[in-house]
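In: got a structure for you, letters missing:
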């Protein structure tokens with residue numbers, strides 16, 4: 001397998017966690033989002049979204065969205081099952097994963113922040129306020145869902161799921177951006193527990209071949 005990735009992309013991060021949990025080896029192909037490599041004609045030809053991650057399987061299948069990649073891995077690879085089969089458990093895991101990947105992350109990713117700053121001309125302070133506002137709202141919803149339905153050391157039980165794959169990069173990004181998350185105690189406890197797991201450590205940005213400070 002080949003994974004087109006950027007060390008600091010949270011969608012790439014969640015995909016790397018899933019690959020590590022599955023014990024699936026892959027070739028790492030860096031795409032520098034800061035340098036605009038995702039917008040080059042060659043890359044856009046194979047990934048019209050101009051984003052990462054993108055996975056190419058050994059059979060030649062190209063997948064260009066992190067959740068689709070992770071569901072594929074869960075169906076075709078061994079290792080820890082990331083999406084439960086039981087109807088209610090599956091729904092709860094997907095509820096948290098979608099909250100993070102559909103409601104929180106899109107408002108705070110690199111291209112949105114760049115558009116705010118470079119096209120709309122918001123100040124650095126306003127951009128920070130935007131980021132903090134949506135993280136606060138999203139994390140409050142996440143904390144509430146986990147308090148109501150979560151259990152065990154991970155989001156749902158004593159083994160990581162897709163929910164944990166999504167939670168860790170989002171928390172890591174929020175902390176990196178200076179957000180105060182102390183009151184989201186359950187979310188932080190899950191994050192810390194995950195980061196003691198070798199798969200989550202291996203997937204961390206600082207452990208990627210294209211990492212720069």
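Out: Nice, I can see it. Small disclaimer: the values here were computed from a predicted structure and weren't measured.

In: Endpoint to endpoint, stretch 194-202 covers what distance?
Out: 12 Å (C-alpha to C-alpha, to the nearest Å).

In: Contacts made by that stretch with the rest, please.
Out: For stretch 194-202, contacts defined as C-beta atoms under 8 Å, 6 or more residues apart in numbering pick out 16, 17, 20, 21, 154, 160, 164, 167, 168, 204, 207. Placement of C-beta: from N, CA and C, glycine included.

In: Among those residues, find me the one that's closest to residue 132.
Out: Of all these, the one sitting nearest residue 132 is residue 167; the distance, using C-beta to C-beta, is 18.6 Å.

In: And the next helix or strand past the one helix or strand residue 189 maps to?
Out: Assessed by DSSP states H and E, residue 189 sits inside helix 185-194. Using DSSP H and E, the helix or strand that follows helix 185-194 in sequence is helix 198-203.

In: residues of the longest helix along the chain that come out buried?
Out: In the chain, assigned by DSSP state H, the helix with the most residues is helix 124-149. Residues of helix 124-149 classed as buried: 127, 130-132, 134-136, 138-139, 142-143, 145-146, 149 (neighbour count, 16 or more other C-beta atoms under 10 Å).

In: before we move on, what about stretch 94-107?
Out: 94, 96, 97, 99, 100, 101, 104, 105.

In: Repeat that for stretch 164-183.
Out: Buried, per 16+ other C-beta under 10 Å, within stretch 164-183: 164-174, 179, 181.

In: what does stretch 68-88 give?
Out: Here stretch 68-88 shows 69, 70, 71, 73, 74, 77, 80, 82, 83, 84 as buried, counting by 16+ other C-beta under 10 Å.

In: From these, which land in helices?
Out: 69, 70, 71, 73, 74.

In: What residues does the last one make contact with?
Out: For residue 74, the contacting residues are 18, 22, 81, 82, 83, 162, taking C-beta under 8 Å, 6+ apart as the criterion.

In: and residue 110, what pLDDT?
Out: According to the prediction, residue 110 has pLDDT 89.

In: Need the mean per-residue confidence for stretch 196-207.
Out: 98.

In: Spit out the contact partners of residue 34.
Out: Applying C-beta under 8 Å, 6+ apart, the residues near residue 34 are residue 110.

In: Domain boundaries for the protein, per the record?
Out: 2-80, 87-199 (automatic domain parsing).

In: So which of these is nearest residue 212?
Out: Nearest of those (C-beta to C-beta): domain 2-80, 7.6 Å.

In: Let's see the distance spanning that closest one from one end to the other.
Out: Per C-alpha to C-alpha, domain 2-80 runs 21 Å from first to last residue.

In: Let's test this: mean pLDDT of it, rounded?
Out: 96.

In: where exactly do the strands run in the protein?
Out: Counting by DSSP state E, one finds strands in the chain at the ranges 2-5, 27-30, 54-56, 62-63.
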